[in-house]
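Sequence and computational prediction follow.
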Amino acid sequence: MFNQAPYSCRVEWGIRGAREAAERGDIIIIVDVLSFSSTVISALRQGAIIYPYPPNLDGKSFAEKVGAEYILGRAEAAKLGKPTLSPVSFKKEHYNKKYVLSSLNGAFCTWIASKVPALLIGSLLNASSVSSVANQLRLQSNANITVVPCGEQWNDVREHENSLRPSIEDYLGAGAVLSYLEGEKSPEAEACMGAFQNAKEKITELIWDCGSGRELRQKGFEDDVSHCSRLNVYETVPLLNNDHFVLAIDKL
């Protein structure tokens, strides 16, 4: 049976990986570089309050229930000047305002894995800081840590095919987080960390020109790609607190 025991630091892909890590009771770090994780980090840095919600449920009704605004798609929100899944869309004027954010990958993985000792949001933007928080939480709880690169979803899935599309930006983001974690790494985690260390000096160029980066740039969101590919520029670490994110430093 596949597992990464007895190692304390592990890496698992996507929704299935998030679910299994949650069932084990691990500390989980969700990594969705383009763009859920980067957006949550950027939003909390501006003081916004983010509620993650799966896209297959009625997010608008949930938003009404918690007194939040339901975040629209990038193109629609851009026309109205509203914040969206684009991390650069969050500004100072969004301080202390509530938003419900859905996405096929990061938000879904967060929702699946919500019942854990601690769920953190990591990205290239805060790799060192999120690992520092996870290291402290591990000492407090003695739980293992699983880093979950979320990946993307294929648009035209055929019968008998898996919809997960592994993405290098999430793999490199997960490797960045793992490189700062304390504890023995599984072979899978070591390989992921090695990929980041090999790519570290050219990570901006790689993410700019990877499939997901080109996809966003072709839609006119070049600023998102540039923003999300920066390493360790923020100390903001989102921690899931029941149904929304708070700053982890306030809970330690």
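Happy to help now that I have it.

For the protein, just list every one of the strands.
For the chain, strands defined by DSSP state E occupy the ranges 9-11, 27-31, 49-53, 69-70, 98-102, 119-122, 145-149, 152-153, 164-165, 238-241, 244-247.

Within the sheet, what are the partner strands of the last one, with directions?
In the sheet containing strand 244-247, the strands it pairs with under DSSP bridges are strand 238-241 (antiparallel).

buried ones in the partner strand?
238-240 (16 or more other Cβ atoms under 10 Å). Any C-beta I mention is one placed from the backbone N, CA and C, and that applies to glycine too.

Kindly indicate which of those residues lies nearest residue 171.
Among the buried residues of strand 238-241, residue 238 lies closest to residue 171 (Cβ to Cβ), at 20.6 Å.

about what we covered before: please produce CSV containing the strands of the chain, extended by mean pLDDT and distance to residue 77.
CSV is the format used below for those (pLDDT from 0 to 100; distance: least, Cβ to Cβ, whole Å):
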stretch, mean pLDDT, distance to residue 77
strand 9-11, 98, 32
strand 27-31, 98, 22
strand 49-53, 98, 15
strand 69-70, 96, 10
strand 98-102, 97, 11
strand 119-122, 98, 20
strand 145-149, 98, 26
strand 152-153, 92, 20
strand 164-165, 92, 24
strand 238-241, 98, 20
strand 244-247, 98, 19
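
What ranges does the protein have for its helices?
14-24, 36-45, 59-66, 74-80, 106-112, 127-141, 168-180, 187-199, 203-209, 211-218, 222-228 (DSSP state H).

Give the other helices and strands that the last one contacts.
In terms of contacts (3 or more Cβ pairs under 8 Å, 6 or more residues apart in numbering; DSSP states H and E), helix 222-228 is packed against helix 36-45, helix 203-209, helix 211-218.

ok, now the second one?
Helices and strands touching helix 36-45, by 3+ Cβ pairs under 8 Å, 6+ apart, are strand 27-31, strand 49-53, strand 98-102, helix 106-112, strand 119-122, helix 222-228, strand 238-241, strand 244-247.

If we use 7 Å, what do you get?
Packing partners of helix 36-45 (3 or more Cβ pairs under 7 Å, 6 or more residues apart in numbering; DSSP states H and E): strand 49-53, helix 106-112, strand 119-122, strand 238-241, strand 244-247.
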